[in-house]
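A.B. asks: Can you look at this prediction? I've put the sequence above it.
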Amino acid sequence: MTDQAPAPYAGPKRVLSGVQPTGDLHLGNYLGALVKFARLQHETQTFIFVADLHALTEWVDPKKLKSNVREITAAYLATGLDPKVATIFAQSAVPEHAELAWVFNCVARLGWLDRMTQFKDKAGKHKERSSVGLYTYPVLQAADILVYRATHVPVGEDQRQHLELTRDIAQKFNHDFEAPGFFPLPEALTQGPGARIMSLRDGSVKMSKSDPSDASRINLTDDADAIAQKVRKARTDADVLPEKVDDLAGRPEAQNLVGVYAALAGKTSQEVLDEYAGQGFGAFKPKLADLAVSVMGPIGGEMRRLLADPAEIDRILGAGAERARAVAAPVLADVKRIVGYWAG
Ligand code: TRP
């Protein structure tokens, strides 16, 4: 082993999350992730990045990748992340992620990755034609998290399995290299009002950037007219709103719209029903449209303003990358020493 036992992680709670720069962000991302990032930054050390290394696991136009990164960054800033408080950066600017991912590729077992449902979903029937990167995607994700020894990861429900894998990798690394507690076992933060926002066209599937129907989602960049129109056209049923949340069961569209209202207003679904019970969607939808426009409209406007000055966004990302590296580099140096690399 090493001359000096590496110190177990004993630092404060540390939050980390990232979003891939592929496609537009929507209401589901906003309520499920971005709002949480902005809140968490005031509670503890927070690292938020744009996952442009991950973007390469599927084909992405090289002419668009950089502007996609700037667009996600603009969304972070427009939804309240403050670069003076949180560390905001692009993954490709911190080489320590990829270097740690190599070590983790040698820690993770094929059997573990074979169980990953996101790979199966994305690869579909053509597993043999998928990139190797798509397969080891969750290993890079583990490196993203553990290179900062992050303890809490705000993500959607669909990322829970990747967080379990991250813990398995951390545990096996700590065990195999006799470095007890070197990596913390990070937890997913998936709860919260915006945890599951469904499509506006079908209350049984998640709101998603890959849905071919643009009317199924409210994009962060939609203007007020588009937002209002999408809410007006959202699928609903013919019943009035009930008095109790339990009575929304079996009415996925109604449940979703009440949930969206609640999340946007910072209320519980029950509080929304207390106000609207007995009313039909003819009355409820215009109120929801007004609320959605008042919350989402300014975000789109602010994103457009920020994107008009890409040099300023790049400056913020550059400063963030420097701060990120200052944390990641010593962790990676310890790892190199722990595994016995010549350069360690
Ligand atoms: N896989 C995540 C998603 O699709 C994005 C991501 C990459 C991420 N690395 C991460 C999220 C590290 C949290 C932590 O949403």
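C.D. replies: Arrived safely, thanks for sending.
A.B. asks: So the longest helix along the chain, near the ligand or not?
C.D. replies: For the chain, the longest helix by residue count, based on DSSP state H, is helix 310-339. No. Remark: helix 310-339 sits outside contact range of the ligand, by CB under 6 Å from any ligand atom, the gap being at least 12.7 Å. Glycine gets a C-beta too; all of them are placed from N, C-alpha and C.
A.B. asks: How far off centre is that helix?
C.D. replies: From the chain centre to the centre of helix 310-339 is a distance of 20 Å (CA atoms, centre = their mean, to the nearest Å).
A.B. asks: Return the set of buried residues in that helix.
C.D. replies: 313, 316-317, 320-321, 323-325, 327-328, 331-332, 334-335, 337-339 (16 or more other CB atoms under 10 Å).
A.B. asks: With stretch 293-303 instead?
C.D. replies: Quick answer for stretch 293-303 (16+ other CB under 10 Å): 293, 295-297, 299-300, 302-303.
A.B. asks: which of the residues you listed are close to the ligand?
C.D. replies: Applying CB under 6 Å from any ligand atom to those, none is adjacent to the ligand.
A.B. asks: Save those as a markdown table, and put in secondary structure too.
C.D. replies: Putting these into a markdown table (DSSP: H, G, I helix; E, B strand; the rest coil) gives the following:
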| residue | secondary structure |
| --- | --- |
| 293 | helix |
| 295 | helix |
| 296 | helix |
| 297 | helix |
| 299 | helix |
| 300 | helix |
| 302 | helix |
| 303 | helix |
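A.B. asks: helices or strands up against the longest helix of the chain?
C.D. replies: Applying 3 or more CB pairs under 8 Å, 6 or more residues apart in numbering; DSSP states H and E, we find helix 310-339 packed against strand 45-50, helix 62-78, strand 87-90, helix 96-105, helix 281-307.
A.B. asks: angle of that helix against helix 96-105?
C.D. replies: Orientation check (axes from the mean of the first three to the mean of the last three CA atoms, to 10 degrees): helix 310-339 against helix 96-105 gives 30 degrees.
A.B. asks: What separation is there between residue 160 and residue 289?
C.D. replies: Separation of residue 160 from residue 289 (CB to CB, to the nearest Å): 33 Å.
A.B. asks: Which of these two has more residues huddled nearby?
C.D. replies: residue 289 (18 against 13; other CB atoms under 10 Å).
A.B. asks: residues touching the more buried one, list them.
C.D. replies: Residues near residue 289 by CB atoms under 8 Å, 6 or more residues apart in numbering: 227-228, 231-232.
A.B. asks: tell me which parts of the stretch 101-250 of the chain are close to the ligand?
C.D. replies: That would be 141, 144-145, 153, 155, 159, which are the residues of the stretch 101-250 of the chain within reach of the ligand (CB under 6 Å from any ligand atom).
A.B. asks: now the helices: where do they sit in the stretch 1-150 of the chain?
C.D. replies: 27-29, 35-40, 52-55, 62-78, 96-105, 110-114, 117-123, 132-146 (DSSP state H, counting those that start in this stretch).
A.B. asks: could these go into TSV alongside mean pLDDT?
C.D. replies: Below are the helices of the stretch 1-150 of the chain laid out as TSV (pLDDT from 0 to 100):
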stretch	mean pLDDT
helix 27-29	93
helix 35-40	94
helix 52-55	98
helix 62-78	97
helix 96-105	98
helix 110-114	97
helix 117-123	93
helix 132-146	98
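A.B. asks: could those helices go into JSON lines alongside distance to residue 204 and mean neighbour count?
C.D. replies: Shown next, in JSON lines, are these (distance: least, CB to CB, whole Å; neighbours: other CB atoms under 10 Å):
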{"stretch": "helix 27-29", "distance to residue 204": "14", "mean neighbour count": "24"}
{"stretch": "helix 35-40", "distance to residue 204": "24", "mean neighbour count": "20"}
{"stretch": "helix 52-55", "distance to residue 204": "28", "mean neighbour count": "22"}
{"stretch": "helix 62-78", "distance to residue 204": "27", "mean neighbour count": "20"}
{"stretch": "helix 96-105", "distance to residue 204": "35", "mean neighbour count": "20"}
{"stretch": "helix 110-114", "distance to residue 204": "28", "mean neighbour count": "11"}
{"stretch": "helix 117-123", "distance to residue 204": "16", "mean neighbour count": "14"}
{"stretch": "helix 132-146", "distance to residue 204": "26", "mean neighbour count": "23"}
